[in-house]
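Q: The amino acid sequence is not available; the structure is as follows:
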């Protein structure tokens, strides 16, 4: 089989390529050039392209670089900025997978005559009873099915994820056995177009170059009493505690963000509890589940999965749970299988 492997320059995609090549597939590595801005220090950096190319050389496979900077700007960066401007909390990694890796890259692979694409995601794609399934990765601590939860069975029908059955320690062990230069390379943690550890290149500076940031006030959600002030209401996310400018009293959390009035409503941990989540957009992996169907709902990449049931407009929790920030993706599971997702209103 002719397989195009998305090689980020990290250990996971390096081992994915090595395993497929060892199985006898005709493997070509592809690294995506996604961002050329001042934050070119995260994943997809020049150093990562070089690492991917050298791993491909070690494996004796062809390596290509695809320039998707325009598509990335339109499909990932622009929605990220718009979400912040409107007081929502974006999911850039989810959007990158949906729009770029399993959108434009998959398209390019088809046009170039590849039978499948492969990635280094810690998730499992399988065909069971003639139906494509997406399941959690074997390593629960590294599971990446959440960031793939907005995809459909059709989009993953020609996708391979060779390391989905492996733990991260085993991935690194295999990289060492293959002699890959990325065997001990640390995992990338930052949003790839924002280098948060570099002076002047953090989220605040990035957004300030693109949208006006407005000073705001913090008020008590129950009484309306003014509690403090903050520099930029667009940088606050629901559930946030630090950086709210509330100096005294009990701990306060952002319960609601109103950009129009430059106000953050703060409350106690109990004020964050809600009975469910309404979705402004919903996707099903395969077949829509009927209202009342039980699911496990997960609202962040490595957050806990909470018991819930499907409603006509979202989900209802089994018991009150922490409020989900508007804009965040909620992945829905039955067991370890992704059945769909929604974007919190």
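A: Alright, I've got the coordinates. None of these values were measured; they are calculated from a predicted model.

Q: Now residue 35: which helix or strand?
A: For residue 35, there is no host helix or strand (DSSP states H and E).

Q: what comes up buried for stretch 111-128?
A: 114, 116, 117, 118, 119, 120, 121, 122, 123, 124, 125 (16 or more other C-beta atoms under 10 Å). Yep, even glycine has a C-beta here, placed from its N, CA and C like the rest.

Q: Closest one to residue 20 out of these, please.
A: Set against residue 20, the nearest of those by C-beta to C-beta is residue 118 (6.0 Å).

Q: mind showing which ranges of the protein have poor pLDDT?
A: 37-44, 189-190, 195-201, 248 (pLDDT under 70).

Q: rerun at 80
A: For the chain, residues meeting the criterion pLDDT under 80 lie at 36-46, 188-190, 195-201, 247-249.

Q: Which helix runs longest in it?
A: helix 46-59 (DSSP state H).

Q: Residues touching that one, excluding its own?
A: 7-10, 13-14, 17-18, 21, 27, 29, 31, 33, 40, 62-63, 65, 178-182, 185 (C-beta atoms under 8 Å, 6 or more residues apart in numbering).

Q: buried stuff in it?
A: For helix 46-59, by 16+ other C-beta under 10 Å, it's 48, 49, 51, 52, 53, 54, 55, 56, 58, 59.

Q: any chance you could map the helices in the chain?
A: 11-22, 46-59, 69-72, 78-85, 92-95, 105-111, 153-156, 168-178, 203-208.

Q: What residues of the first one count as buried?
A: For helix 11-22, the neighbour count (16+ other C-beta under 10 Å) marks 11, 12, 13, 14, 15, 16, 17, 18, 19, 20, 21 as buried.

Q: and the direction of the longest helix of the chain versus that of helix 168-178, what angle?
A: Angle, helix 46-59 to helix 168-178, by axes from the mean of the first three to the mean of the last three C-alpha atoms, to 10 degrees: 60 degrees.

Q: so helix 46-59 versus helix 11-22, what angle?
A: Going by the same axes, to 10 degrees, helix 46-59 makes 20 degrees with helix 11-22.

Q: How many neighbouring residues does residue 296 have?
A: By other C-beta atoms under 10 Å, 18 other residues sit near residue 296.

Q: typo on my end, residue 96
A: Residue 96: 26 neighbours (other C-beta under 10 Å).

Q: Touching, it and residue 76? I think so.
A: Yes. Counting by C-beta atoms under 8 Å, residue 96 touches residue 76, with 5.0 Å between them.

Q: what do those two both touch?
A: residue 34.

Q: quick one on the thing from earlier: how distant is the longest helix of the chain from the center of its chain?
A: 24 Å (C-alpha atoms, centre = their mean, to the nearest Å).

Q: Which residue is the nearest non-sequential neighbour of residue 208?
A: residue 232 (8.0 Å; C-beta to C-beta, 6 or more residues apart in numbering).

Q: if I look at the one you found, how far off is residue 281?
A: Between residue 232 and residue 281 the distance, using C-beta to C-beta, to the nearest Å, works out to 26 Å.

Q: re the thing from before, pipe the helices of the chain into TSV and attach distance to residue 332 per row.
A: As requested, those are exported to TSV (distance: least, C-beta to C-beta, whole Å):
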stretch	distance to residue 332
helix 11-22	25
helix 46-59	32
helix 69-72	27
helix 78-85	21
helix 92-95	14
helix 105-111	23
helix 153-156	15
helix 168-178	25
helix 203-208	28
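
Q: Tell me which of these approaches residue 258 most closely.
A: helix 78-85 (13.1 Å).

Q: That closest one: which residues count as buried?
A: In helix 78-85, counting by 16+ other C-beta under 10 Å, buried: 79, 80, 81, 83, 84, 85.

Q: Apart from its neighbours in sequence, what residue is nearest the second one?
A: Read it as residue 80. residue 90 (4.6 Å).

Q: Does that neighbour touch residue 84 like I think?
A: Yes. Using C-beta under 8 Å, residue 90 is in contact with residue 84, at 6.8 Å.

Q: In contact with residue 311, which residues?
A: 276, 291.

Q: Let's see that with 10 Å instead.
A: 276, 277, 278, 279, 291, 292, 293 (C-beta atoms under 10 Å, 6 or more residues apart in numbering).

Q: so which of the residues you listed is the most crowded?
A: Busiest of those [other C-beta under 10 Å] is residue 277, holding 25 neighbours.

Q: bridging residues for it?
A: Beta-bridge partners for residue 277, by DSSP bridges, are residue 315.

Q: I'd say the residue nearest to residue 80 and residue 82 touch.
A: Yes. Counting by C-beta atoms under 10 Å, residue 90 touches residue 82, with 8.3 Å between them.

Q: residues bridging contact with the two, i.e. touching both?
A: What both residue 90 and residue 82 touch, as defined by C-beta under 10 Å, 6+ apart, is the set residue 327.
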